[in-house]
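*Asks:* Output the structure for:
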Amino acid sequence: VDGDGVASGARAAPLDRRSQELIRAEALELASASNTTDRGCDDAIHNARILVVDDDPVNLSILSDLLEAANYSVLQAATGMEALESYMMAQPPVQLVLLDVTLPDLSGHEVCTKMRSLTPGVPPPIIMISGKASTKDVIKGLQAGSCDYISKPFQPQEVLARVETQLRLFLGEVSQLQEAAERNVLLLSQVLPPHIMASMKGGSRIVVERFPQVCVLVAELVDFGEYSSTSNTADCVIALNSVYSAFDGLVEQYMLDKVDVIGDTYVAAAGNVRRRGAEAPSIAVHISNVLQCAQEMLQAAHNVPLPSSIGKIDLRVGVHVGTVHAGVVGIKYPRYSFFGATVRLSLQLMRSAPPSMVHTSEVVAKLGGGCAAAARLLPYTELAVSGAGTMRTLLLPEPSMTLSVAGERAAKHLQQEQHAAAAAAAAASVGGQLPG
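*Replies:* Okay, here's the model as predicted:
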């Protein structure tokens, strides 16, 4: 104990009870005075759990009383092994460690290094206490992982000030990480369906799922690639954002799930997610919702205000029903993606659809035949399907288009498609006859 009645690092003769009480009283008075300031707004700091490690019972008692008087929750340890056990087992966890360098079993530097290796994420601060105050000793402590250093004989005011400073830094960093984690969860919830989010929060990762009946919608902005090559890039981005924002609203309105957006292609589906607290709708209901959503998407593509350099945009849509496999792909930027023949057929239907129309398979017409939108379906053509022969298809025009006009446009588009296919086949035939 030094001349001012403050505990020091040297092993002095045991203090009598009177001297201990005087030292403790002085420390408590300082802590109490410090605790009457504006600390009421810092509950998170001044209710923190602190582990005090010192083999000197006098120092251990004085430090504990000092911190408890400042409303800290204190754990005590007299050896390195006791300290490590308390550090690992404490609930709630330790938020700061006051660690003496000189311990009977392990050095404070060894204990500090082990504590750091046991702590993932943001480790709680460790303040080392020692009677040695040389630069070399301070550097050794910092290299071991400590955040600060207090020399003996320590002053109660200094201890409280350094403890509060380190706790502010630690809790501030933890708070920032929590806010970042919450932002990440919010962003993920916008691209992953609820059941996938719930699974990831529970610690598991769904690799692949199989859904027997899913209605898949694939929409594409017609000739947008040509627009993007001749128009201002910023205008193209603004146009996509305007159109896709309108699509997002429609998808939510009709209880579809947005699956993917790749450039000028927008994918949504129904039947792959069960709504919490509700019975699973029939596939007929899903098809009705998808067809109504698709019709309103056709109108939205025309009605959304766009930059003058873009002008009017047409949309074409493909819809098919069938088995879908789905899963989260990627780690850094995860995406919930669909795979399988149903997705490929929906994409094929979209690519062969006339502008401002929805191109559906015969399966969609059969399973959703009772809905209002299905009543407007027009027979269109037979589509060659890889490995499955041909498939009859139908068209659903946008609501403002009469069926007679839709029929005329469909016939004209089909004729153009057939001429283009014939020309491509002829070109391929000529190319195959040329000498190699």
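*Asks:* Would you map the helices across the stretch 301-436 of the chain?
*Replies:* 341-351, 362-367, 403-433 (DSSP state H, counting those that start in this stretch).
*Asks:* most tightly surrounded among the ones you listed?
*Replies:* Of all those, helix 341-351 has the most neighbours on average by mean count of other CB atoms under 10 Å, namely a mean of 21. The C-beta positions use only the backbone N, C-alpha and C, and glycine is treated the same way.
*Asks:* Touching that helix from outside, list them.
*Replies:* Outside helix 341-351, the residues that touch it by CB atoms under 8 Å, 6 or more residues apart in numbering are 214, 216-220, 265, 267, 316-324, 359-361, 383, 385, 388, 391, 393.
*Asks:* Now list the buried members of these.
*Replies:* 214, 216-220, 267, 316-322, 324, 359-361, 383, 391, 393 (16 or more other CB atoms under 10 Å).
*Asks:* Figure out the helix or strand that Q166 lives in.
*Replies:* helix 156-191 (DSSP states H and E).
*Asks:* helices and strands around that helix, which ones?
*Replies:* Packed against helix 156-191, as judged by 3 or more CB pairs under 8 Å, 6 or more residues apart in numbering; DSSP states H and E, are the following elements: helix 17-35, helix 43-46, helix 57-69, strand 96-100, strand 126-130, strand 148-151, helix 194-201.
*Asks:* Can you get me a residue count around L63?
*Replies:* Residue crowding around L63 was assessed by other CB atoms under 10 Å; the count is 26.
*Asks:* what separates K412 from P354, distance-wise?
*Replies:* 8 Å (CB to CB, to the nearest Å).
*Asks:* returning to that earlier point: so which of the helices of the stretch 301-436 of the chain comes closest to N241?
*Replies:* For these, proximity to N241 was assessed by CB to CB; helix 341-351 is nearest, at 21.1 Å.
*Asks:* So for the closest residue to D100 other than its chain neighbours, what pLDDT did the model give?
*Replies:* Spatial nearest neighbour of D100, chain neighbours left out: D54 (4.2 Å); criterion: CB to CB, 6 or more residues apart in numbering. With respect to pLDDT, D54 scores 93.
*Asks:* mind listing what D54 touches?
*Replies:* Contacts of D54 (CB under 8 Å, 6+ apart): 60, 63, 78, 98, 100, 129.
*Asks:* Let me have those in a markdown table, adding distance to S151 and pLDDT as columns.
*Replies:* Listed next are the contacts of D54 as a markdown table, based on distance: CB to CB, whole Å; pLDDT from 0 to 100:
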| residue | distance to S151 | pLDDT |
| --- | --- | --- |
| L60 | 18 | 91 |
| L63 | 14 | 91 |
| A78 | 21 | 94 |
| L98 | 13 | 95 |
| D100 | 12 | 92 |
| I129 | 8 | 90 |
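*Asks:* Nearest to C236, out of the residues you listed: which one, please.
*Replies:* L98 (60.2 Å).
*Asks:* Who are the contact partners of the closest one?
*Replies:* Contact analysis of L98 by CB under 8 Å, 6+ apart lists 50-54, 63, 127, 129, 150, 159, 163.
*Asks:* in the stretch 101-250 of the chain, which segments are predicted with low confidence?
*Replies:* Within the stretch 101-250 of the chain, the stretches with pLDDT under 70 are 133, 189-191, 193-195, 198, 200-207.
*Asks:* Assign a three-state SS to the residue nearest to T265 when sequence neighbours are not counted, would you?
*Replies:* Setting aside the residues directly before and after it, T265 is nearest to E220 in space (CB to CB, 6+ apart), at 4.9 Å. Put simply, E220 is strand when judged by DSSP: H, G, I helix; E, B strand; the rest coil.
*Asks:* hang on, isn't E220 packed against V267?
*Replies:* No - using CB atoms under 8 Å, E220 is not in contact with V267; the gap is 9.9 Å.
*Asks:* Touching, Q299 and V358? I think so.
*Replies:* No - the criterion here is CB under 8 Å, and Q299 misses it with V358 at 11.8 Å.
*Asks:* CA atoms only for stretch 76-91, dumped as CSV, please.
*Replies:* The C-alpha trace of stretch 76-91 is given here as CSV (Å, rounded to 0.1, in the frame of the first residue of the first chain):
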residue,chain,number,x,y,z
GLN,A,76,-13.9,-12.5,-8.8
ALA,A,77,-11.0,-14.9,-9.6
ALA,A,78,-7.7,-15.4,-7.8
THR,A,79,-5.9,-17.6,-10.3
GLY,A,80,-5.5,-17.8,-14.1
MET,A,81,-7.5,-21.0,-14.3
GLU,A,82,-10.3,-19.6,-12.2
ALA,A,83,-10.4,-16.5,-14.4
LEU,A,84,-10.6,-18.6,-17.6
GLU,A,85,-13.4,-20.8,-16.2
SER,A,86,-15.4,-17.7,-15.0
TYR,A,87,-14.8,-16.0,-18.3
MET,A,88,-16.2,-19.0,-20.3
MET,A,89,-19.1,-19.9,-18.0
ALA,A,90,-20.4,-16.5,-17.0
GLN,A,91,-24.1,-15.8,-17.9
